[in-house]
Each structure stands twice: as structure tokens, then as C-alpha cells.
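> coords please:
(chains A and B)
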2 protein chains.
Amino acid sequence: MNRSRSDSTAINIQSESSSRSKAAAKGEAYDVMRVLAADPKHDHEKGAGWKKGVAVLDFILRLGATAAALGATVAMYSSQQTLPFFTQFFLFSAGYDDLPTFMFFVIAMAIVSGYLILSLPFSIVTIVRPLLVAPRFLLLIFDTLALTLNTSSAAAATAIVYLAHNGNSDTNWLAICGQFTDFCQQSSGAVVSAFVAVVFFTVLILLSAIALRKA
Amino acid sequence: MNRSRSDSTAINIQSESSSRSKAAAKGEAYDVMRVLAADPKHDHEKGAGWKKGVAVLDFILRLGATAAALGATVAMYSSQQTLPFFTQFFLFSAGYDDLPTFMFFVIAMAIVSGYLILSLPFSIVTIVRPLLVAPRFLLLIFDTLALTLNTSSAAAATAIVYLAHNGNSDTNWLAICGQFTDFCQQSSGAVVSAFVAVVFFTVLILLSAIALRKA
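All right, here's what the predicted structure looks like:
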């Protein structure tokens, strides 16, 4: 009789400790799952801190890219010059709409600038909720497409600006920058500004990739 | 005497079950850690399957991009044409080295082709070890840089090819494709091939980002 009572005590203790260990393991697994699923209520988990820092840097760089892209668009759009004299062989008025490549530049950079302005709210979302994956991923996709558009317009305009500055004797294309100094200076500035935006975009894409790496 | 023996039994059972529960919790945590750290011995975990599929697609697209980039380089490099007659006002020989933009195109596309060939082994590594993060991340960084180089050379060459085809009356730049039909056709083909490589690169970057998303 005495022995049977002590047996039941032992069994009680075992079952109690077993259920406690199960609950502990469950809790631990749940914690890990929460980090993996990036529950927005748990933004103060490990990893949220530096992700917030990356998001703030993303926003600042995006502002810089917006300024560069807008500057390039406006500079190229306003690069009109009329010469004070008229000759039969040289043109007397030059503008971005005389060269199809410069027209493409203005349209493409306007699209890029518009996209950058629209992307700012998404960048703010990644600051507020640093562990959310979806907005970062959206930004990465559209940043890549905008980078391609930005690079192509900048490079195409560079080829034409180079030709306007130096001409090409093999193809009988003469330099026009001797006559149109203001036009050439302004379009060159626009091209440089567009390449600054390209550098911003490259850094933005790499930052997004780093932030997504262990999201 | 009897009671004290049963007490010691109970204590034994408790301590045994407690150590077992600790070991179980430890094992579970270790399993989760292994998935997080992408232990190569555990590639058959959840998620490895579709990541391997993405890696195979990455390799195939990379082969396509290599072919397109190499084709563009060779086509532009070999685009030499000598006319069978000589006139005082028109040139009689045209090659990629007459136009600085086309020289840039050949050099840049050769660099991109070289990078793509060197990247193939890394792509194979991501097929063999689909949960490794480092090779995918390296590929993403250099793919972005190569995309920028590829896009800029393709766009700059496009601007010149367009000019060679159509000329520009406002700047007195005459079309040269009337004389140099073969040269123009070959350089146009090279530009199209370069843009095909751009499309491949864009898809490659987005694939890498998808694969990194939950690495």
C-alpha cells in the first residue's frame, strides 16, 4: 500500500515535467516562426534594427536619385539656344527636340523621376515596418527596370553629346558645339546628372538585396 | 526505510525526464538553426526544391545571355566594310574603330561576355547547394554592375546606329547607311543582340532576388 502511493507520486511528477518540456519546446518553436514570418507586431525582434537603418539609408538615397533625375530632365528640356545670326550652312536654332535621342532622354528621365517620387511612400513603409518583405521586393523589381531605362537614356545622350563636341571626320559629322556652346553645356550637364542617378540606383538595388537577404 | 527508497526513485525519474525534455528542446532548436544557416548537409529541407529549380533556370538564362553578349561583341568587331570605289567626299572604308561609341561597345560587351563565362561556375554552385546565400548574392551584385555596362553600351550604339540610318538634318549629319549597307546591318544586329542580353540580365537579377527572398 505504501509502495503503490509512492509510485503514483512518481508518475504525477513525470507527467507534469513532460508537459512542461513540451510547452517550452512549443514556445521556442513559435518564437522562431515569428521571426521567420516577419510578423509586423514583432518588429523589435533581432535584425529589425539594422534593417530600419538600411531603410532610412534607402530613403535618403532615393531622395538624392529623385533630385538627380529631375535635374537631368529639366536641364535637357530647357536646353534651347537660338543664335543671334543666320547663315546658309549652319543651323541657327538648336533644342532637345531637334535630336530624337535627346527627346528619348527627356521622356525616359521624366518617367524615371515620376517613378522615384511614387516610390518614396513605399520606402517610408520599409522604415516603419523594417521586417516586411513585400514592399522591399516591389522596390527592387521596379528599381531594376528604372535603372535600365535611366542607363539607356543617359548612355544614348552621351553618344550624341560626344559627337556634338568632337564630331567624327570618318563619317563627315561635324561638331556643332563651336556654334551652340550653351546648348552643349546644358545637355552635357543633363547627361552627367543622369549618370549620378544611375549610381544612386545601383546602390539602392544592392541595399535592397542586402536587406532581403535574411528577411 | 521503505518510504525513503520510494522518494529517491521519484527524484530519479524526475531528473531523467527533465534532462530528456532539455535534450528534445535543444534538438528542435538545432534543427531550426540548421535550416536558417543553410547547412549544406540539409539541402533536402523544405524550400530547397524550388530554389534548385530557380538555380537551373538561372544557369540556362546565363547561357543565353552569354551567347547574346558574345554574338554582339563578334558582330560589332567584325563589322568592317570597304567600298569598291573611291570618291572625294564620301569615305571608302568603315569599321567599328572609326566610331568611338562602337569601340566602347566592343570593349564593354567583351567585358560583359567574359564576366558571364566566369559566372557560370558560380551558377553551378547554386544548383548543387541551393540553400547557400553567398554565391547568389555575389552573382546579384555583379549582375547589376554588368547590366549597367551592357545597357549603356547598347544604348550608346543604338543612338549612333539610328544616326547612321536616318541622319539628322538639323545638325547636318548625313546618313551613311546608303553607302555602307553591310556595315550598318551588322552593327544593327550587334545592337539588337546586346539588348537581348539586357533582357536576360534583368530576368536573372529578378530571379536572384526571388531566390534570396527567403534564403
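> ranges for the strands of chain A?
A:81-82, A:93-94 (DSSP state E).
> and the first one, average pLDDT?
Yep, that's strand A:81-82 we're talking about. Taken as a whole, strand A:81-82 has a mean pLDDT of 74.
> Chain A - how does it break down into domains?
The record's domain parsing of chain A by automatic domain parsing lists A:1-37, A:47-213.
> Name the stretch among these that sits most buried.
Comparing these by mean neighbour count (mean count of other C-beta atoms under 10 Å in any protein chain shown), domain A:47-213 ranks first with a mean of 19. The C-beta positions use only the backbone N, C-alpha and C, and glycine is treated the same way.
> quick one: it to chain centroid distance?
13 Å (C-alpha atoms, centre = their mean, to the nearest Å).
> Now tell me which helix or strand of chain A has the poorest mean pLDDT.
When each helix and strand of chain A is scored by mean pLDDT, DSSP states H and E, helix A:2-37 comes last, with a mean of 46.
> low pLDDT regions in chain A?
Residue ranges of chain A with pLDDT under 70: A:1-47, A:84-92, A:214-215.
> 80 - rerun?
Low-confidence segments of chain A, defined by pLDDT under 80: A:1-48, A:80-94, A:170, A:213-215.
> ok, which stretches of it are helices?
Secondary structure of chain A by DSSP state H: the helices cover A:2-37, A:48-77, A:100-128, A:134-166, A:181-213.
> so which of the ones you listed gets nearest chain B?
helix A:2-37 (2.4 Å; C-beta to the nearest C-beta).
> Just to check, residue A:98 is in contact with residue B:172?
No - Residue A:98 lies out of contact with residue B:172 (C-beta atoms under 8 Å); the separation is 11.3 Å.
> picking up where we left off before, need the strands of chain A in a markdown table with distance to residue A:72, can you?
Formatted as a markdown table, the strands of chain A follow (distance: least, C-beta to C-beta, whole Å):
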| stretch | distance to residue A:72 |
| --- | --- |
| strand A:81-82 | 18 |
| strand A:93-94 | 18 |
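> and of those strands, who's closest to residue B:147?
strand A:93-94 (32.9 Å; C-beta to C-beta).
> just to revisit the earlier point, kindly present the helices of chain A as a markdown table, with separate columns for distance to residue B:64.
Formatted as a markdown table, the helices of chain A follow (distance: least, C-beta to C-beta, whole Å):
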| stretch | distance to residue B:64 |
| --- | --- |
| helix A:2-37 | 34 |
| helix A:48-77 | 30 |
| helix A:100-128 | 26 |
| helix A:134-166 | 17 |
| helix A:181-213 | 22 |
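> With distance to chain B as added columns, please give the ones you listed in a markdown table.
A markdown table is the format used below for the helices of chain A (distance: least, C-beta to the nearest C-beta, whole Å):
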| stretch | distance to chain B |
| --- | --- |
| helix A:2-37 | 2 |
| helix A:48-77 | 14 |
| helix A:100-128 | 5 |
| helix A:134-166 | 4 |
| helix A:181-213 | 5 |
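> Indicate which one of those is closest to residue B:200.
Taking C-beta to C-beta, helix A:134-166 is the member of these nearest to residue B:200, at 12.0 Å.
> hmm, back to that, what's the closest of the strands of chain A to chain B?
strand A:93-94 (7.1 Å).
> Can you tell me the strand partners of that closest one and which way each runs?
strand A:81-82 (antiparallel) (DSSP bridges).
> Any chance you could list what contacts the partner strand?
A:92-95, A:180, A:182-183 (C-beta atoms under 8 Å, 6 or more residues apart in numbering or on different chains).
> how about the residues you listed, which pair is most distant?
Farthest pair in these, by C-beta to C-beta: A:92 and A:182, 13.6 Å.
> Residue A:73 and residue B:148, how far apart?
Here residue A:73 is placed at a distance of 20 Å from residue B:148 (C-beta to C-beta, to the nearest Å).
> Kindly report the same for residue A:113.
For residue A:113, the distance to residue B:148 - C-beta to C-beta - is 19 Å.
> one step back: the domains of chain A into TSV, with extra columns for distance to residue B:137?
Below are the domains of chain A laid out as TSV (distance: least, C-beta to C-beta, whole Å):
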stretch	distance to residue B:137
domain A:1-37	19
domain A:47-213	6
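> Those: which one's closest to residue B:54?
Here domain A:47-213 is closest among the domains of chain A (C-beta to C-beta), at 14.4 Å.
> Test my guess that residue A:57 contacts residue A:207.
Yes - Residue A:57 sits in contact with residue A:207 when judged by C-beta under 8 Å, with a separation of 6.4 Å.
> and residue A:154, what does it touch?
Contacts of residue A:154 (C-beta under 8 Å, 6+ apart): A:72, A:105, A:191, A:194-195, A:197-198, B:152, B:155.
> Leaving out the residues flanking it, which one is nearest to it?
residue A:194 (3.7 Å; C-beta to C-beta, 6 or more residues apart in numbering or on different chains).
> again, but for residue A:120
residue A:62 (6.1 Å).
> That neighbour and residue A:168: what is the separation?
38 Å.
> do residue A:201 as well
Using C-beta to C-beta, we find residue A:201 at a distance of 31 Å from residue A:168.
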